[in-house]
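Visitor: Could you work out the structure for the sequence below:
(one chain, ligands or ions: 1)
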Amino acid sequence: MDEPYPGVRRLTFRLPLAIDHVHCYLLRGSDDSWTLVDTGLGVDEPAAVWEPVLAELDGPVRRIVITHMHPDHVGGARDAAAVTGAPVLQGREDYEQCVRAWGQTPTAAGLARFMAANGMPHGQVEESAGQNAKLRARVHWVEGPELLEPGDEVDGWRVELLRGHADGHIVLLREGVMVAGDVLLGQITPTIGLYPGGRPDPLGDYLETLARIAELAPRLALPGHHGVIDDPVGRAREIAEHHRERLDTAAAALNEEPRSAYDVSLRLFESELSPTQRRFALAESLAHLERLVYAGRAARGDGGYVAA
Ligand SMILES: [Zn+2]
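Guide: Okay, here's the model as predicted:
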């Protein structure tokens, strides 16, 4: 563990995913206890992972806060709760999406159908579904957490709802420091994807989030991946510009012939990708295409999207 900000410890786990690590944070509390933010992926032997972490702290973990329902953030929630005895706190909307995504297996079949309906070739749908099932086994989420609403306080940290990367993504803010989850990342841009059952315009949501970050004007963001961000407002501006360019590229890929979102994703993401990364690319392309539809720059045609 290191200490990227006074009173905040950073705990990093290796991941067997396209991104090779995730950061969790420990916030020193008012009474020498700690708040754990995010939990990595679930493991077979929670005590072996979490007891050494607890041994480095000078007080108990009083609560566990989840920023969002992605596997590398919520996956170890049940494990960490079992070892610490602490309650899990999760945003209300994020918990709803967590239940939809991980609660019952029919959703997995629904996801595969959704990808196929948007033009992904059968073999890739199968492979990506297989990888998803494997990952699902490592998502040890907690049923019935304490639910957080925007504006709630958690030991002096304010809960802010910043949608886009996940529908109900929350961050914690105190004195200009933002524990950011995946709302802002330094070296890469957070993935923004459209998924069945999710909000209809996630990229629109995310562009609002980036504008909101400029208003909140944190001076430091502690993200779930890569380094500390010491100019969060500047980084939010860069990412917004990146999406404006990607929207133009997506718009330029359309004409009067309907084109599937999968076809557009091959244009937006040209490099060789694994089936799972292809699924992310498709979900991300759908988010861009739907944003274009809402902006009046594209329309949904028969079997795909057309220029408007
Ligand atoms: Zn995430």
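
Visitor: all strands for the stretch 151-300 of the chain, in order.
Guide: In the stretch 151-300 of the chain, the strands defined using DSSP state E, counting those that start in this stretch lie at 153-154, 157-161, 170-174, 177-181, 220-223, 298-301.

Visitor: same for the fourth one, what does it pack against?
Guide: Where contact means 3 or more Cβ pairs under 8 Å, 6 or more residues apart in numbering; DSSP states H and E, strand 177-181 is packed against strand 170-174, strand 220-223. Quick note: C-beta positions are derived from backbone N, CA and C, even for glycine.

Visitor: nearest to the ion, of those strands?
Guide: Using Cβ to the ion as the measure, strand 220-223 is the one of those that comes nearest the ion, at 10.2 Å.

Visitor: Ala42: neighbouring residues, count only.
Guide: Careful, residue 42 is Gly; it's not Ala. Neighbour count for Gly42, taken as other Cβ atoms under 10 Å: 22.

Visitor: Over in the stretch 201-308 of the chain, which residue gets nearest the ion? Let me know.
Guide: For the stretch 201-308 of the chain, Cβ to the ion, closest residue to the ion: Gly224, 6.5 Å.

Visitor: these two touch, right, that residue and Val22?
Guide: Yes - applying Cβ atoms under 8 Å, one finds Gly224 in contact with Val22, separated by 5.7 Å.

Visitor: hey, what's in contact with both of the two?
Guide: Common contacts of Gly224 and Val22 (Cβ atoms under 8 Å, 6 or more residues apart in numbering): 38, 72-73.

Visitor: Type out the PyMOL command that picks the buried ones from those.
Guide: Here is the PyMOL command that selects the buried residues among the shared contacts of Gly224 and Val22 (16 or more other Cβ atoms under 10 Å):
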select buried, resi 38+72+73
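
Visitor: quick one: which of the shared contacts of Gly224 and Val22 sit in helices?
Guide: 72-73 (DSSP state H).

Visitor: Run through who's touching stretch 140-148.
Guide: By Cβ under 8 Å, 6+ apart, the residues outside stretch 140-148 that reach it are 42, 65-66, 69, 74-79, 81, 87-92, 95, 98, 102, 154, 159, 170.

Visitor: typed the wrong thing, it's stretch 58-67
Guide: Counting by Cβ under 8 Å, 6+ apart, 26, 29, 31-39, 54, 73-74, 77, 80-81, 84, 86-91, 94, 145, 148, 154-155, 169-172, 179-183, 224 sit against stretch 58-67.

Visitor: To Leu268, which of the strands of the stretch 151-300 of the chain lies closest?
Guide: Distance to Leu268, taken as Cβ to Cβ, is lowest for strand 298-301 among the strands of the stretch 151-300 of the chain, at 13.4 Å.

Visitor: And that closest one, what does it pack against?
Guide: Right, strand 298-301 is packed against helix 275-294, strand 304-307 by 3+ Cβ pairs under 8 Å, 6+ apart.
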